[in-house]
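**Student:** dropping a prediction and its sequence here:
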Amino acid sequence: MDFFEAQGRARSLSHRLVLLFGLAVTLMIVGVYLTAVVVLGVGAAQQGAEPGTVDLYNPGLFALVAAGMLLVIGGGSAFRTAQLRRGGPAVAELLGGRRLDPESRDPLERRLLNVVEEMAIASGIPVPAVYVMDGEEGINAFAAGHTIHDAAVAVTRGGLETLTRDELQGVMAHEFSHIMNGDMRLNVRLMGVLFGILLLTVVGRGILRGGYMSGGRRRSSGKDSGGSQIMLLGIALVMLGYLGVLFGRLIQAAVSRQREFLADAAAVQFTRNPDGISGALRKIGGAVDGSRLQNHHAQEAGHLFFSEGVRGAFARSFATHPPLETRIKRVNPAWDGTYLEPKPVRLAGEERRAGGKDATAGGPGGGRAPFPLPFPIPGFPDGGSAVTGPAFGALATAGTLNAGHLARARSLLEGIPENVRAATRSPEGAVSVVVALLLHEEGDVRTRQEHAVESSLGKETLKRAHGLAGAVRAAGPAARLPLLELCLPSFRSLPEDRAEALAAAVGPLTRADGKVHAFDFALYHLLRRALPGGPDAASGARVGPGLSRRRGEAETLLSAVAWAGSSDAESAEAAFVAGARHFGASAAATVSLQPPASLDLERVDEALGRLETLPPGDRRKLLQALERTVVADRAVTVEEHELLRAVAEALDIPMPPLDVPGTALDAPSASPE
């Protein structure tokens, strides 16, 4: 499925959401107005009309009701939207999630963290925050966030304890599909919208409680000055509030149902194992609690979940998800109609000692060979690996994930020594890993770097980095971006003063040899936005000016990439021109290669930050231009490809790692560098 096409589909659904929301609000305003006219009897009697009749035409009352309703609904939506500004973590915490400690040694929690890490590295997404909903016995999960940089995934306690690794991987693949296709951003917006609609019920209940208490006092004094009308108004508002609930469910269903089918299909495409996701669905069907959630916010978040989280009288008609049996049949046509009784999973001794990693996990699906798809999936190619060799096209892999990418991610992770992976799970350990990534092997440059680290971060950090540097270098250049991504969850717990110290140290570390290397640009930008106090991830969801007004920033970034992959000024100029041509003849004539001395980290970082708000179509055009710059010399090094991936990640475009690092484009079978 084309990543940008999927993003466009999500945006069109956003427009549909606005229309449905406007229709719901209009009908609710009319309903409240008619209720006020009839219940309170405020309409003026028509001339010649029979006594007791009311005039339904009252512009003043309608304006008052409309203003009040817009204030309640708009205020409620604005409140919830602001509350969820932090993205996925805010949603997970609202729903009772507990954030998993990256250092957790609980085997079940470690297994979940390992699955999420593999999925993230394979898809080119920063490792999201991982939560467990401890109070939920049903089997369910969700992903939420504004962008790939503030995403979170959560699993219920029931799902964590009863799903096998294959089934958990299938569920996570389903959720990662929502992350990559832009669905989760729409889902978070929908939560804000629905809270405003559902707020009318809360107001009605408040009026009922107030009316009941004041009504009791009036009855005891023998007076009733309109108390019954107020009670009737409260009852009407509650009923209209439930009409809002109905509208909310309709909106959720309209936005959610078809996307769930696509995410199920994507999960099979990603893992090549339909038994994983179908097994999870069958266990939901056989569970006493099914996929139901107890949290009182589940109603407004029903569209986020892997399976139906709320049940009611109209559950089938207004369900946010397709029926279980239909979903199972789609991914497993041979299903015999039986469900599975969920039982607590038992981890093998070797798997338990490995911290939740399957003892047999030699590839996707816990060691089994990639499963051939039993059915065609519209929009999904039947490919199993990234595009390499003469047909290299990194952009073609954007937003894709398959069994080959998962195998590549697992290979990269297994190639990272355990002491280095363990270090990424703690805030201070992650700081040491970043320092180790940037340390040179020896010489005066190394001495200058050590002095910068000691003055900014202290002797202990330098000592830990020394102990990790050899193992980090041994993992190879292809492991550098995955290592950085593994560190990101730990940085979320880093004290602000340490975050500032690390940000201050990165510049001197990268400039110690008088050069700024390709990966340095990417590391600096991704690190800065991941650290506490960095740019707000939600700002990346906004759309700003297009490339025509960001030509200077595009020129800076294109120049940095051209110099990063070139050995002399002539080849850098040729690479720059090759990329600039993609902007069109008129645009290419207005940009020129900038000298390397002007391309310091801060300037490139600032340019990339402004380019993050480009419209999606322009982001694609920019990434295509960068790709042409990289391949201009007919060879792609690991460093160049990782730079391209990191820039894509900054632009909110996930790009998986190459299956074969170090590709020469003029030879079908080039040796890795």
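**Tutor:** Looks like it arrived, so ask away. Model, not experiment: these values are computed from the prediction. Numbering: from 1, shown residues only.

**Student:** use CA for all of it now, contacts and neighbours both
**Tutor:** OK.

**Student:** show me where the stretch 1-150 of the chain has its helices.
**Tutor:** 3-40, 59-83, 88-94, 107-123 (DSSP state H, counting those that start in this stretch).

**Student:** these into TSV, with extra columns for mean neighbour count, distance to Gly286 and mean pLDDT?
**Tutor:** What follows is the helices of the stretch 1-150 of the chain, written out as TSV (neighbours: other CA atoms under 10 Å; distance: least, CA to CA, whole Å; pLDDT from 0 to 100):
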stretch	mean neighbour count	distance to Gly286	mean pLDDT
helix 3-40	17	33	70
helix 59-83	16	35	86
helix 88-94	23	26	93
helix 107-123	23	22	93
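
**Student:** excluding chain neighbours, what is closest to the residue positioned nearest the centre of the chain?
**Tutor:** Of all residues in the chain, the one closest to the mean position by CA atoms, centre = their mean is Ala151, 3.6 Å from it. Spatially, and ignoring its direct neighbours in sequence, Ala151 is nearest to Gly145 (4.3 Å; CA to CA, 6 or more residues apart in numbering).

**Student:** pretty sure the one you found contacts Asp183?
**Tutor:** No: using CA atoms under 8 Å, Gly145 makes no contact with Asp183, being 9.4 Å away.

**Student:** more crowded one of these two?
**Tutor:** Gly145 (32 against 29; other CA atoms under 10 Å).

**Student:** so where's the stretch 551-673 of the chain shaky on pLDDT?
**Tutor:** Applying pLDDT under 70 to the stretch 551-673 of the chain flags the ranges 658-673.

**Student:** for the nearest residue to Glu612 once chain neighbours are set aside, give me its contacts.
**Tutor:** Leaving out its chain neighbours, the residue that sits closest to Glu612 by CA to CA, 6+ apart is Leu651, at 4.9 Å. By CA atoms under 8 Å, 6 or more residues apart in numbering, the contact set of Leu651 is 611-613, 619.

**Student:** how about the residues you listed in a markdown table, adding distance to Glu555 and secondary structure?
**Tutor:** Converted to a markdown table, the contacts of Leu651 look like this (distance: CA to CA, whole Å; DSSP: H, G, I helix; E, B strand; the rest coil):
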| residue | distance to Glu555 | secondary structure |
| --- | --- | --- |
| Leu611 | 11 | helix |
| Glu612 | 15 | coil |
| Thr613 | 16 | coil |
| Arg619 | 14 | helix |
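
**Student:** among the residues you listed, who's most crowded?
**Tutor:** Leu611 (26 neighbours).

**Student:** what bridges to Thr156?
**Tutor:** Met133 (DSSP bridges).

**Student:** surely it and Asp134 touch.
**Tutor:** Yes: between Thr156 and Asp134 there is a contact at 6.4 Å, judged by CA under 8 Å.

**Student:** related to what we said a few turns ago, OK, contacts around the residue nearest to the centre of the chain?
**Tutor:** Counting by CA under 8 Å, 6+ apart, Ala151 has contacts 87-89, 128-129, 143-145, 179.

**Student:** need the max-distance pair from these.
**Tutor:** Maximum pairwise distance among the contacts of Ala151 (CA to CA): 14.0 Å, between Pro89 and Ile179.

**Student:** what sits in contact with each of those two?
**Tutor:** Shared contacts of Pro89 and Ile179, counting by CA under 8 Å, 6+ apart, come down to 144-145, 151.
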